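Asks: I would like the atomic coordinates for the input below:
(one chain, ligands or ions: 3)
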Amino acid sequence: MTASRVLVLNSGSSSVKYQLLDMADRSRLAAGLVERIGEETSRLVHEPLAGAGGGRREQTGPIADHDAALKAVAAELAADGLGLDSPELAAVGHRVVHGGTRFTRPTVIDDEVLAEIRALVPLAPLHNPANVTGIEVARHLRADIPQVAVFDTAFHSTIPDHAAQYAIDAATAARYSVRRYGFHGTSHAYVSRAAAALLGKAPEEVNVIVLHLGNGASASAVRGGVCVDTSMGLTPLEGLVMGTRSGDLDPAVIFHLARVGGMSVDEIDSLLNKKSGLLGMCGDNDMREVLRRAGEGDEAARTAFATYIHRLKKYIGAYTAVLGRVDAVVFTAGVGENAAPVREAAVAGLEELGLVLDREANAVRSGEARLISPASARVAVAVVPTDEELEIATQAYELVTR
Ligand SMILES: Nc1ncnc2c1ncn2[C@@H]1O[C@H](COP(=O)(O)OP(=O)(O)O)[C@@H](O)[C@H]1O
Ligand SMILES: CC(=O)OP(=O)(O)O
Ligand SMILES: [Mg+2]
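Replies: Numbers count the residues shown, from 1 in each chain. Ligands and ions are numbered 1, 2, ... in the order given. All right, here's what the predicted structure looks like:
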């Protein structure tokens with residue numbers, strides 16, 4: 001028997017998503033999620049699939065931190081006979097958000113690599129600590145199989161210097177590794193490839209703008225399968241309006257809040273990362289709530305929605321200019337895949353750029369990759385469900401079986 005299973009851990013700032021896949025046939029054996037880690041109302045949902053184990057289970061109650069969350073996940077898997085001790089497990093694939101300039105490929109994690117991932121914590125303070133904990137727990141449970149890191153930044157390593165560089169003093173930038181890294185790269189890579197397939201083309205033949213709209217949100221410009229620009233920067237704070245993050249702003253806002261508002265750097269960091277975006281503007285970070293309230297005429301929700309859409313449009317326009325020719329604009333992740341009103345508003349009025357929506361197609365709810373523009377449109381508009389876990393498993397399995 002050759003081991004062909006890969007467990008994927010996608011640890012976010014307050015959640016852990018996981019999947020167990022069998023790479024022999026790319027089937028899913030289990031999937032689950034722990035959310036609201038650190039709160040009183042943490043929730044774990046575990047679902048064994050393909051007939052394995054004992055059915056969907058859900059538990060609520062405080063889960064203090066990522067260490068506890070990952071141990072709970074391991075216990076759920078074990079209860080279905082899918083535990084980390086299984087001889088069929090070939091590798092554990094870890095989403096690691098920041099790989100700095102060094103990690104541009106999937107990498108087997110040893111002590112030295114783990115130390116490097118830890119050293120990158122200041123560049124991704126909400127994400128890399130959770131990734132490190134995931135690696136530590138999985139290594140502790142299974143020291144004998146490869147733990148593979150797949151980096152959010154990797155797909156963006158091809159961005160040319162003129163797009164990656166900030167226009168600041170070069171020596172300072174070099175000394176402190178200040179440049180655009182970009183994130184959600186695993187999703188941008190998977191979705192841009194899937195979009196090409198949807199158009200019946202090879203990735204090399206198409207130019208695509210990918211809009212990854214989840215809690216965190218980012219846009220990317222992909223030319224012939226190669227990423228040439230993205231909206232997130234040194235950290236996942238720059239770019240689009242997000243659930244709780246501001247995205248782009250004048251950096252002088254920070255000096256102003258420090259000098260005039262008397263706020264500390266940590267307070268401003270927390271304000272911009274955790275209390276801004278949709279949440280900051282209208283009190284809700286979940287797009288479903290924002291849409292519901294806006295539909296009832298709630299002014300703060302309407303303005304927050306309009307601000308979110310305005311920023312999206314600016315990036316569609318900017319990346320059209322960057323690419324010169326665009327074959328498809330692709331929506332993905334929680335908001336992009338599910339919120340038809342967001343897609344409709346984002347492309348409204350962009351006919352001059354070749355963007356037209358088929359409103360009926362846009363209204364269809366589906367888990368499949370699909371076109372939402374008329375066949376005659378110059379630029380295809382598409383919805384492509386992302387699958388970061390499958391992409392991480394694929395890359396990790398390829399590395400360990402090569
Ligand atoms: N039907 C829907 N309409 C609008 N937004 C939705 C819908 N379903 C999910 N979402 C949004 O998707 C977001 C989560 O997206 P997801 O890609 O899972 O994010 P993340 O991976 O960053 O946690 C939620 O904040 C929610 O606002
Ligand atoms: C990098 C990033 O923003 O990730 P997420 O959307 O999972 O928070
Ligand atoms: Mg995500």
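Asks: Ile37 belongs to a helix?
Replies: No - according to DSSP: H, G, I helix; E, B strand; the rest coil, Ile37 belongs to no helix; its state is coil.
Asks: tell me, how many neighbours does it end up with?
Replies: Neighbours of Ile37 under the rule other CB atoms under 10 Å: 25. Backbone N, C-alpha and C define where each C-beta goes, glycine included.
Asks: Same check on the one 4 residues further on?
Replies: When neighbours are counted by other CB under 10 Å, Thr41 registers 10.
Asks: Could you pull up phi and psi at the nearest residue to Thr230 once chain neighbours are set aside?
Replies: Leaving aside its chain neighbours, Thr230 sits nearest to Gly182 (3.7 Å; criterion: CB to CB, 6 or more residues apart in numbering). Per-residue torsions, Gly182: phi 80, psi 150 (degrees, to the nearest 10).
Asks: Equivalent analysis for Arg95, please.
Replies: As for Arg95, its main-chain torsions (degrees, to the nearest 10) stand at phi -70, psi 120.
Asks: Contact partners for it?
Replies: Val8, Leu9, Asn10, Ser11, Asn131, Val150, Asp152, Thr186, Glu388, Ile392 (CB atoms under 8 Å, 6 or more residues apart in numbering).
Asks: would you turn those into a markdown table with pLDDT, secondary structure and neighbour count?
Replies: Listed next are the contacts of Arg95 as a markdown table, based on pLDDT from 0 to 100; DSSP: H, G, I helix; E, B strand; the rest coil; neighbours: other CB atoms under 10 Å:
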| residue | pLDDT | secondary structure | neighbour count |
| --- | --- | --- | --- |
| Val8 | 98 | strand | 25 |
| Leu9 | 97 | strand | 26 |
| Asn10 | 93 | strand | 23 |
| Ser11 | 88 | strand | 28 |
| Asn131 | 95 | helix | 28 |
| Val150 | 98 | strand | 27 |
| Asp152 | 97 | coil | 28 |
| Thr186 | 97 | helix | 29 |
| Glu388 | 95 | helix | 24 |
| Ile392 | 98 | helix | 28 |
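Asks: From the residues you listed, pick the one nearest ligand 2.
Replies: Comparing these against ligand 2 with CB to the nearest ligand atom places Asp152 closest, at 5.4 Å.
Asks: could you measure that closest one against Gly182, distance?
Replies: Separation of Asp152 from Gly182 (CB to CB, to the nearest Å): 8 Å.
Asks: Please apply the same query to Arg293.
Replies: Relative to Gly182, and taking CB to CB, Arg293 is found at 32 Å.
Asks: Comparing these two, which shows the higher neighbour count?
Replies: More neighbours surround Gly182 than the other of Arg293 and Gly182, with 30 against 19 (other CB under 10 Å).
Asks: Please look at the more buried one and Pro236 and confirm they touch.
Replies: No - with contact defined as CB atoms under 8 Å, Gly182 does not count as touching Pro236 (9.0 Å).
Asks: so what's the closest residue to ligand 1 within the stretch 101-250 of the chain closest to, chain neighbours aside?
Replies: When scored by CB to the nearest ligand atom, the stretch 101-250 of the chain has Gly214 as its residue closest to ligand 1, at 2.7 Å. Excluding its sequence neighbours, the residue lying closest to Gly214 (CB to CB, 6+ apart) is Ala333, at 3.6 Å.
Asks: show me the contacts for the residue of the chain found nearest ligand 2.
Replies: Here the residue of the chain nearest ligand 2 is Gly216; by CB to the nearest ligand atom that distance is 2.4 Å. By CB under 8 Å, 6+ apart, the contact set of Gly216 is Phe183, His184, Met232, Pro236, Met242, Gly243, Arg245.
Asks: let's go with 10 Å and repeat that
Replies: 12-13, 97, 126-127, 152, 183-184, 232, 236-237, 239-240, 242-245, 247, 273, 277, 333 (CB atoms under 10 Å, 6 or more residues apart in numbering).
Asks: Can you flag which of these belong to helices?
Replies: With helices taken from DSSP state H, the overlap with these comprises Asn273, Gly277, Ala333.
Asks: how many neighbours does the closest residue to the second one other than its chain neighbours have?
Replies: In space, Gly277 comes closest to Met242 once its chain neighbours are excluded; the distance is 4.4 Å by CB to CB, 6+ apart. Counted with other CB under 10 Å, residues neighbouring Met242 total 26.
Asks: circling back: which residues are in contact with each of Asp152 and Gly182?
Replies: With CB under 10 Å, 6+ apart, Asp152 and Gly182 have common neighbours His188, Ser218, Met232, Pro236.
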